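S.K.: below are the sequence and a predicted model for it; my questions follow.
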Amino acid sequence: MLTFTRYQKFVVALLALSQFTIILDFMILSPLGAFLMPALKISPAQFGFVVSVYAFSAGASGLLAAGFADRYDRKKLLLFFYIGFTIGTLLCALATDYHFLLAARMITGIFGGVIGSVVFAIITDLFPMEMRGRVMGYVQTAFASSQILGIPIGLFLSNHWGWHSAFMMIVVVCLGVIASIWFFLKPIDEHLKIQNHRNPFQHLVDTISKPRYVHAFATMALLSTGGFMMMPFGSAFNVKNLHIQIEQLPLIYMVTGICSMITGPIVGRLSDTYGKFKLFTFGSVLSIAMVLAYTQLVGPTSILTVTLLSTIMFIGISSRIITAQALVSGIPEPSMRGSFMSVSSSIQQISGGLAAILAGLIVHENTNGTLDHFDTLGYIVTLALVITIAMIAILVQWTNDRPAVPAAS
């Protein structure tokens, strides 16, 4: 098994930290929903728009950036969009009403939505397929880390100094990431040597017209449905329907995050050793069982039950994300990796935004504060999980048929 060099370890850590801030910025909205909705007098439908406006703006900016994604040093692209993302998060911290927050989330999405695609393009450039399961496993621990460190600390700060302080915490971390990218990340420009100088529009058209790419885009779009549909209302469901105390939410997120953080690298290593599709299928089946069990909960529920179901569900979800990202990274040609990742990220964001809006329309708040039709979300997510298994199976065949392309050194 290939081993990481010292610089590769630094790159993995830096990319994981950048993803940590991006994911935390999105995920923090779910637990903060219990604070934001009464503080800013936001309805469930409006809160769905707060979540989805980030996704739509991220999707639009990703599509606009796709034509240029392979024409510049990836380090410069990462630095530019990350600085913009930091400014947007700062505006979220300064928001005083619903419309201000909506606009701030839009700005954050314009810049933040491109970062993920740049990160995955860097991974594909610097690491061969035999290492990508492990790399994705480590980078995807950003999800777990945001639960272990970010969300509990954010909730603690929100309980003591208001929800604005949670976004300020993210800004402080972002400043450290910006400094690390600026001073320590080497230029990533090997892809510039194999460009054929097509204009950006033609480069985008070529990317979205390849049948294999289109299938991969559709697969990743469907993959994001679960998170965007259930996550925004998870904390409200726990508090209002399951009678979990709001002070207990950090404990649930922390335990879930610790377990996911431990299993993420293990899943990555196992996928490199035994097969990425096997691990994807395992994660999907596990997710289906837990989604159905969790969304069927009714009335007062012990914190042990909620924590156990949430933990196993997130392990399944992270297993799917790690293996799917690794598999999809083998689809694009080296000269089109940036544009492919940008379009893929954009489509995921847009479809996720539509899912969040749909969830906001499906879920209704009763006069007693409880949420109705949360179980319906579980059925829709389950259907998406089943379809995705079949779609990933086709991608596996394509990646097996393609000759291996060595990563840049």
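M.R.: Perfect, I can see it now. Numbers count the residues shown, from 1 in each chain.

S.K.: contacts, neighbours, all on C-alpha from now
M.R.: Noted.

S.K.: now do whichever strand or helix holds residue 236: distance to the chain's middle.
M.R.: If you go by DSSP states H and E, residue 236 is part of helix 234-236. Relative to the chain's own centre, helix 234-236 is displaced by 18 Å; criterion: Cα atoms, centre = their mean, to the nearest Å.

S.K.: where does residue 263 land in three-state SS?
M.R.: The three-state assignment at residue 263 reads helix, by DSSP: H, G, I helix; E, B strand; the rest coil.

S.K.: quick one, strands of the protein?
M.R.: Per DSSP state E, the chain carries strands over the ranges 364-365, 371-372.

S.K.: how near is the residue nearest to residue 265 when sequence neighbours are not counted to residue 329?
M.R.: Nearest residue to residue 265, sequence neighbours excluded (Cα to Cα, 6 or more residues apart in numbering): residue 137, at 4.5 Å. As for residue 137, its distance to residue 329 is 14 Å (criterion: Cα to Cα, to the nearest Å).

S.K.: who has more neighbours out of the two?
M.R.: residue 137 (29 against 23; other Cα atoms under 10 Å).

S.K.: residue contacts, the more buried one?
M.R.: Residue 137 makes contact with 264-269, 322 under the criterion Cα atoms under 8 Å, 6 or more residues apart in numbering.

S.K.: count residues in the vicinity of residue 2, would you?
M.R.: Counted with other Cα under 10 Å, the neighbours of residue 2 add up to 7.

S.K.: who touches residue 331 in this structure?
M.R.: Counting by Cα under 8 Å, 6+ apart, residue 331 has contacts 212-213, 216, 395, 398-399.

S.K.: dump those to a markdown table, plus neighbour count.
M.R.: Shown next, in a markdown table, are these (neighbours: other Cα atoms under 10 Å):
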| residue | neighbour count |
| --- | --- |
| 212 | 15 |
| 213 | 20 |
| 216 | 22 |
| 395 | 22 |
| 398 | 15 |
| 399 | 16 |
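
S.K.: please, where are all the helices along the stretch 51-200 of the chain?
M.R.: If you assign secondary structure with DSSP state H, counting those that start in this stretch, the helices in the stretch 51-200 of the chain sit at 74-94, 98-126, 129-139, 141-145, 151-161, 164-184, 200-209.

S.K.: which elements pack onto the last one?
M.R.: Okay, so that is helix 200-209. helix 337-362 (3 or more Cα pairs under 8 Å, 6 or more residues apart in numbering; DSSP states H and E).

S.K.: relative to helix 74-94, how tilted is the helix it packs on?
M.R.: 20 degrees (axes from the mean of the first three to the mean of the last three Cα atoms, to 10 degrees).

S.K.: and helix 337-362 with helix 200-209, angle?
M.R.: Using the same axes, to 10 degrees: helix 337-362 against helix 200-209 is 70 degrees.

S.K.: and helix 337-362, what does it pack onto?
M.R.: Partner elements for helix 337-362 (3+ Cα pairs under 8 Å, 6+ apart): helix 44-66, helix 98-126, helix 200-209, helix 211-223, helix 225-230, helix 374-401.

S.K.: need those helices in JSON lines (columns: mean pLDDT and distance to residue 172).
M.R.: What follows is the helices and strands packed on helix 337-362, written out as JSON lines (pLDDT from 0 to 100; distance: least, Cα to Cα, whole Å):
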{"stretch": "helix 44-66", "mean pLDDT": "78", "distance to residue 172": "21"}
{"stretch": "helix 98-126", "mean pLDDT": "88", "distance to residue 172": "15"}
{"stretch": "helix 200-209", "mean pLDDT": "78", "distance to residue 172": "35"}
{"stretch": "helix 211-223", "mean pLDDT": "88", "distance to residue 172": "31"}
{"stretch": "helix 225-230", "mean pLDDT": "72", "distance to residue 172": "26"}
{"stretch": "helix 374-401", "mean pLDDT": "86", "distance to residue 172": "35"}
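
S.K.: for residue 177, find the nearest of those helices.
M.R.: helix 98-126 (12.7 Å; Cα to Cα).

S.K.: for stretch 57-73, buried residues please.
M.R.: 57-71, 73 (16 or more other Cα atoms under 10 Å).

S.K.: between the residues you listed, which is nearest residue 368?
M.R.: Nearest member of the buried residues of stretch 57-73 to residue 368, counting by Cα to Cα, is residue 57, at 34.3 Å.

S.K.: my read: the closest one touches residue 106, true?
M.R.: Yes. Using Cα atoms under 8 Å, residue 57 is in contact with residue 106, at 5.6 Å.

S.K.: about what we covered before: make CSV from the contacts of residue 137 and add distance to residue 174, pLDDT and neighbour count to it.
M.R.: Output for these, formatted as CSV (distance: Cα to Cα, whole Å; pLDDT from 0 to 100; neighbours: other Cα atoms under 10 Å):
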residue, distance to residue 174, pLDDT, neighbour count
264, 23, 82, 28
265, 24, 85, 22
266, 27, 88, 16
267, 28, 87, 27
268, 26, 84, 27
269, 29, 85, 23
322, 24, 85, 29
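
S.K.: pick the one among the residues you listed closest to residue 162.
M.R.: Once Cα to Cα is applied, the member of those that ends up nearest residue 162 is residue 264, at 32.0 Å.

S.K.: quick check: that closest one touching residue 140?
M.R.: Yes. Using Cα under 8 Å as the test, residue 264 is close enough to residue 140 to be in contact (6.9 Å).

S.K.: which neighbours do those two share?
M.R.: Joint contacts of residue 264 and residue 140 (Cα under 8 Å, 6+ apart) are 318, 322.
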